[in-house]
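S.K.: Sharing a sequence plus its predicted fold:
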Amino acid sequence: MKIPLILDIRGNSLDDGPGIRTVVFFKGCPLSCSWCHNPESKKTTAELSFDESECAGCDACIGMCEKKALSRKIIGFVDRKKCSLCFRCTEVCPSGALSRMGREVPVEEIMATIFRDMPFYRNSGGGVTLSGGEPTLFMDFASQILQQCKKKKIHTLIETCGHFEWGQFEKKILPWIDMVYYDIKIMDSALHKRYCGLSNEKILNNFENLAALSLKRKINLLARTPLVPDITDTPENLQAIARYLSALGISSASLLPYNPMWKKKIMKFGINDEINAPDNESWMETIHIDKCKSIFAQYGISV
Amino acid sequence: MLLNVMFGKSSVSALTSLMIQSFLRYFAANMNMRSSLNRYLKHKDGWFNFSIGLKTEDSSVACGIDFKDGHVLVLRTLPADARAIAVFRNDAAARRLLTGNSTDQIFMMLKSDMRIEGSPMYLNLFSFFLSLVFKSVQIGGMKKERKKNEKEAQKIAPKINKVPDAIARRNHKSLACDRIDPGVRYLDEPYLSEYSIEDFPRLQKFLHDHLNEKPEICPELAYLLTQWHREHGFETDAKGNKWVPVLRKARAYTYVMENKKPIIAEDCLIAGTTTSKKIGCPVYPDGSGGLIWNELLTISQRSHNPFNISEDTRDILHFDVFPYWMHRNFREYVRNKYHNPLSQILDERYALYFNWKQATISHTIPDFPKILKVGTCGIIKEIKNELRTKCNEEKKATLHAMILCLRGLEVYAEHLSRQALHDAGRTSDSVRKQELVHLSRVCARVPKYGARTLDEAVNSVWITWVALHMESMNAGLSLGRLDQWLQPYFIADVKKIKSKEDKETYIKHAIELIGHFFMRCTDHFPLTPDLANFYFGGSSSDQAITLGGVTPEGNDAVCDMTYIFLKVTEMLSIRDPNVNARYMPGVNSDAYLRRLCEVNLVTAATPSMHNDAAMIQSLSKLKYDIRDIRNWAATGCVEPTLCGKHFGHTNMQMMNMVAALEMALNNGYHPVTRLAIGPKTGYPSKGHFKDFESFFNAFTRQFAYLIDTSIEYNNLLAEAHQYLRPTPLLSALIDGGIKKGLDVTKGGAKYNSSGTAIIGLADVTDSMMVIKKLVFEEKKFTFPELIAALQTNFEKNPEILAMARKRVPLFGSGSDEAVALANRIAKWAHEYYAKMPHYRGGKYTTGFWSMSNHVAFGTLTGALPSGRQAGKPFTPGLTPQPFASKSLLDNIRDVARLKPENMNNNIAFNVKVVPSAHQTREKTVEEMFSYVKTYFELGGMQMQMNVVTSDMLRDAMAHPENYRNLIVRISGYNAYFVTLNRDMQLELIERAEYGI
């Protein structure tokens, strides 16, 4: 079984499905969307993060780094070429400004955290959400969590980019999942490849399979489109998505307003710029969001 | 400092001496020569003759001033018989007295830059004389300070100014609900969503006045009391015989009630007012009244909670009232009789504990159902029967005193009845005329006889309420389970109604009547000295009303009146009455809990919600009758009183537990007060502690010292109450008083206890966790290194600060270890208090809430091992620190895991939630409901939610005029945000907020 690195297990999420939810963030994603607002979840391997705002300035880490990879003179503090990812600096860092992104967490430990939050699920109609990154990169592992949740009758939801093997998904995930949040980002395959790293045929195929199941009420499916300035929020793209959903008989979807915080986030692990990335650094205006919504509405899709 | 360099230390002191003496001479010359000022030196019984000393700690400055037979004389040396000496920490502090504004001077006291030896009363009088001369300078200083604060507030205001809409928006689209609760019999839609404040123009007007009018000091009560005592004596009667205190009190009380002006407030459906002013501050001269002596000229100009005062009132208080009561108040009684004991001195240093008995006992709930049922008549009959049994002298006197007081209450009601008729004759409005005639009939009936209708019942409660406030102070006396007690009268009324229209009209009337009752409760305000604005900022009388929960038999108590009270709470959204709601998991409906959340959302801060199961569990150890326990209600802030049977002075004291920790860190020395008072438990800075247990032990020994000392003072003050202010009326209205024939101040009630509010549980627990983990277990640094870091406020050791905040599982982070430690500390405190002997019998109970003292005490506390920096507030109540966890669920779970049995005076757990702007009301309510319900299912006792954003609060600081009605929960009570002092406003802003 492939063992994923886990970024975080976050309780009290109100945005990742119905009710109060616990979200398990997997590390690693087959896509590499330029605007990804969880950029720490792109790689499957562990990374070193440095958060300048947390740094107490004690310099305890600088002297102990054998590779001499840490210096106040370097922008971002860590010389990524020298760093061997031994993570010893994260142990001496008093404030947690230096931290390890991604660690192996046994299923039992994940379940223990989930069980602690369980009392909140019942009164709120909440449950567990697998997110990331891309949980379907680790189907067996994800499957174990989902199965254990179902034993306790916990509502389960998976957030996916849709790039997975259908057969595996059908066997390992589908039987134990109540709801799927499914990203439909860009309809044009070439553009998809350009901004997300891979083309979208597989994603759309998988979506169609799920849509068929959802029409039979076998699964609760929500298509979601992140609104990224000039990339996904163009009228052409939104119209194409809406037309596609409508053709599949889907009548409601979700639009996620652009989150510009990713720019600050990527700095923490030494990336200064993303190719093809939007250069917009502000939150979207309500007026613009409403305009996007109205495009969907024209195709009979409520947002 | 600069002066020291220029002139050398001794010549600086000489300079300071010179400055102070010239200042005093200027003052004395004015007082002696200007007849307009000189007249203040004489009071009704003679001259103010006393002297005051001024000195620095090292006596480098020492002088004084003498007031004798109308002449003021400056002394070059410290007067030997000074009534009070102001002791300054150093020269600079002495000079600041001359240059600083009143807030500076308060902080000088709080921070022990100045302390008073002897009687603060005399220093207050001296300060009043000073203000006669320097009034315009002082008021100028206040204005300047206000301007400066306004300017600073503008700076932190958020850039986007769309915030006021956020409150207005909440008032749209009320939720509705079918009738579900078995006790709701007549409301078809219990949420009463069709009604809004616009349907009640009179309430709108009352509300407008309440938010816009400044309270005025009312001397009526103090004047009448003084008048009676001047004629009939205090210590001895006119014939020279010693007064029996309870009888003296009863006679004086009767005189007050016979002569109190009967007022029917304009347009009001309820008769009677607590004071003779529209919104008045009654003066209680036997309690803390005299504390405003120094402010008589400036109180209308101060920044926080200014009060109007007329010239007449000022003269009555200065010439007549205060001089008479100068030694006849609780503090001075103890000071004179017990020679200013250390326990009193420590209290008056403001940083360790604050004992409420110096002002009042009050915090209790009278037996309203009894007076509603049988009236004063029935109670007098019961007392007369008791008098026929074998009674000792005290019992006889007490029972007679009760009868006198009840008669006084009857007389007042008669006067009201007459006044109503008189007013009816003078009004041209025919509807109002009818109302007044009706009111006249109501007051002729109640509270003398049992009530028959809701109108009578509500008037009976209010008139009795007024009467109780003529006996003891308007602080914390609480109203109990009014929904339960008024429901029978509501039912009796509705049953008589035939048509649907009439029923609807009646329900609207019932809502309006309760609205009028709420607004009546705002007709008075406690007379707070400016210092109290820093301790109890924005706190009103805290007249708690408690709704819902279970009946004494354990059944669902939610009824029609519960929802009517909730509707009124929602529409008015005022700070006081302080509305508390009980919820019994498994018994009360989800619909009811959802409604509580909706009202909390709309009002932003009220009601405070309580878990009946946890409260009942926590009280069960006290061997009370379970039926009485189930009849508990919140008192003042959150504390439980068993209604009508329990004298539980539930806010006996505010105890700064963090002071004990600081003393343990310094071998018994307390840094801000610079007092080496505690036991010598060893110096952490010298490596005296080998393990965590020995340090924990040092902490408990220091804490024990503070508890012992504070309780000693409590007992002395209790004795002062028994002598100066027995409360026979209250004693007649609390079960046990009549049977025992004993005043409740002496133990007359069926149940007795005293409750503490222990402040700093989260701060102490986290500090202990840091010491345990980082010093002793992981050895990241040594204890001496930690102490050194604390002394520099972590400035030189940012890594220690970072580790404390980030590397230790704190309380509220979901750590079993931290929760266990918090439980251990609470258990220790609970057991220690519980085994202290109690002067009325019964137990000391322990609570973990803080009013606003977490801010005041925080100001006076250095850096803590927990990573809390010097001068910052502690957390409110027992709320976890904001950086304990990012997840609200961790906070909720950890607080719920605290054991109720150790917290039998309740807790205050603050949660600040921010609803998303785009979310429907239904969904927001649903989320609040999920948190509260789960918290209660997990065993949590109490929760109070502030539904505000930090931006909104910042905007309110900058534009108070837009936010007069914005209420916030401090810790247990509600306040208008704009009336809070700056530190408290910032504390609320800095609280962790969780988006929903």
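M.R.: Happy to help now that I have it.
S.K.: can you pull the buried residues of the longest helix seen in chain B?
M.R.: The residue-count maximum for a helix in chain B (DSSP state H) belongs to helix B:120-156. For helix B:120-156, a neighbour-count test (16 or more other C-beta atoms under 10 Å in any protein chain shown) marks B:120-134, B:138-139, B:141-142, B:145, B:149, B:153 as buried. Placement of C-beta: from N, CA and C, glycine included.
S.K.: Ok, stretch A:80-96 next?
M.R.: A:83, A:87, A:89-90, A:92-96.
S.K.: One more: stretch B:838-850?
M.R.: Neighbour-count burial for stretch B:838-850, counted by 16+ other C-beta under 10 Å, picks out B:838-840, B:842-850.
S.K.: In the stretch 51-200 of chain A, mark out all the helices, start to finish.
M.R.: Along the stretch 51-200 of chain A, counting by DSSP state H, counting those that start in this stretch, helices occupy A:60-64, A:88-92, A:107-124, A:139-151, A:166-172, A:189-196.
S.K.: Quick check: which of those helices is nearest to chain B?
M.R.: For chain B, the closest of these is helix A:107-124, at 3.4 Å, according to C-beta to the nearest C-beta.
S.K.: How far off centre is the helix or strand bottoming out on mean pLDDT in chain A?
M.R.: Within chain A, no helix or strand scores below helix A:262-267, which has a mean of 82 by mean pLDDT, DSSP states H and E. Relative to the centre of its chain, helix A:262-267 is centred 15 Å away, using C-alpha atoms, centre = their mean, to the nearest Å.
S.K.: Name the residues of the helix or strand that that helix is followed by that are buried.
M.R.: Using DSSP states H and E, the next helix or strand after helix A:262-267 towards the C-terminus is helix A:286-298. Of the residues in helix A:286-298, A:289, A:292-293, A:295-296 count as buried by neighbour count, 16+ other C-beta under 10 Å.
S.K.: got the helices of the stretch 51-200 of chain A as a markdown table, with mean pLDDT and distance to A:T234 columns?
M.R.: Shown next, in a markdown table, are the helices of the stretch 51-200 of chain A (pLDDT from 0 to 100; distance: least, C-beta to C-beta, whole Å):
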| stretch | mean pLDDT | distance to A:T234 |
| --- | --- | --- |
| helix A:60-64 | 93 | 45 |
| helix A:88-92 | 95 | 42 |
| helix A:107-124 | 96 | 37 |
| helix A:139-151 | 98 | 33 |
| helix A:166-172 | 97 | 29 |
| helix A:189-196 | 96 | 9 |
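S.K.: Any idea how far apart the tips of stretch B:516-533 sit?
M.R.: End-to-end distance for stretch B:516-533, by C-alpha to C-alpha, to the nearest Å: 28 Å.
S.K.: near chain B, which residues of chain A show up?
M.R.: Proximity of chain A to chain B, by C-beta under 8 Å from any C-beta of the partner chain, involves residues A:10-12, A:14, A:19-20, A:54, A:56-58, A:60, A:94-97, A:116-117, A:119-120, A:122-124, A:126.
S.K.: Are any of those residues buried, and if so which?
M.R.: Among the residues of chain A next to chain B, those buried by neighbour count (16+ other C-beta under 10 Å) are A:10-12, A:14, A:19-20, A:54, A:56, A:58, A:94-97, A:117, A:119-120, A:122-124, A:126.
S.K.: Out of those, which sit inside strands?
M.R.: Among those, the members found in strands (DSSP state E) are A:10-12.
S.K.: Backbone dihedrals for the closest residue to B:I907 other than its chain neighbours, please?
M.R.: Nearest residue to B:I907, sequence neighbours excluded (C-beta to C-beta, 6 or more residues apart in numbering or on different chains): B:F848, at 4.6 Å. Main-chain torsions, B:F848, degrees, to the nearest 10: phi -130, psi 80.
S.K.: and B:F848, how far is that from B:E266?
M.R.: Counting by C-beta to C-beta, to the nearest Å, the gap from B:F848 to B:E266 is 43 Å.
S.K.: Same check on A:V23?
M.R.: With the distance defined as C-beta to C-beta, A:V23 ends up 58 Å from B:E266.
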